[in-house]
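Q: Okay, sequence plus prediction incoming.
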Amino acid sequence: MFRENLDIVSQVNYYHASDLCRENQGHLVSTRTTEKMQLIQSFMNADIPNIWIGANDIQQEGTFVWEDDGSPMTAQQQLELFRPGEPSDGGPGNTEDCVSLYYRIPNLNDATCHSTYAFVCEMQIVVTSSQAVSLELPVLLSSSIQD
Ligand SMILES: [Ca+2]
Ligand SMILES: [Ca+2]
């Protein structure tokens with residue numbers, strides 16, 4: 001009996017976005033596959049051109065880690081999911097350590113963590129058929145409810 005919800009709120013830096021998701025018992029969304037990435041992109045547009053996703057190489061430069069379970073991004077994921085030429089670790093002082101998704105190009109980019117972007121939280125909520133589900137954040141999308 002799980003329902004996954006993805007929520008978008010205002011534009012903040014990566015650390016703030018990550019904290020807000022955790023405060024709501026979730027985490028920044030993981031996009032381990034192209035399909036998941038494209039699903040998220042389908043909710044983005046010129047008004048929401050960039051979002052944070054839950055991956056970064058803050059701890060160790062060049063080793064990207066998924067926030068949800070702390071697992072490293074595989075070499076194949078890195079090859080498939082990042083835009084060509086990325087991750088670049090660019091920016092002032094080569095400090096691009098946080099992963100963002102752009103709405104047009106179907107690939108990820110590493111960006112400066114202090115950039116302010118929209119973000120998507122991913123959380124699992126246990127529901128029963130007799131319970132009403134209410135969320136404070138606007139629900140972006142839901143997967144199927146299993147009974
Ligand atoms: Ca980096
Ligand atoms: Ca970059």
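A: Okay, I see it. Residues are numbered from 1 along each chain as shown. Ligands and ions are numbered 1, 2, ... in the order given.
Q: For residue 111, give its distance to residue 98.
A: 6 Å (C-beta to C-beta, to the nearest Å). Any C-beta I mention is one placed from the backbone N, CA and C, and that applies to glycine too.
Q: Ramachandran angles for residue 75?
A: The phi/psi pair for residue 75 (degrees, to the nearest 10) reads phi -60, psi -40.
Q: For it, grab the count of nearby residues.
A: Neighbour count of residue 75, defined by other C-beta atoms under 10 Å: 8.
Q: In this protein, where is pLDDT below threshold?
A: Applying pLDDT under 70 to the chain picks out residues 1-9, 125-147.
Q: that older thread, who has more neighbours, residue 111 and residue 98?
A: Using other C-beta under 10 Å as the criterion, residue 111 and residue 98 rank with residue 98 on top: 27 against 23.
Q: List, one by one, the residues from the chain near ligand 1.
A: Contact residues (C-beta under 5 Å from the ion) of the chain with ligand 1: 57, 89, 97.
Q: Out of the residues you listed, flag the one nearest to residue 77.
A: residue 57 (13.1 Å; C-beta to C-beta).
Q: could you flag which of the residues of the chain next to ligand 1 are buried?
A: 57, 97 (16 or more other C-beta atoms under 10 Å).
Q: Return the subset of the residues of the chain next to ligand 1 lying in strands.
A: Using DSSP state E, the members of these that fall within strands are residue 97.
Q: and the residues of the chain next to ligand 1 as a markdown table, adding distance to residue 65?
A: Shown next, in a markdown table, are the residues of the chain next to ligand 1 (distance: C-beta to C-beta, whole Å):
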| residue | distance to residue 65 |
| --- | --- |
| 57 | 7 |
| 89 | 15 |
| 97 | 10 |
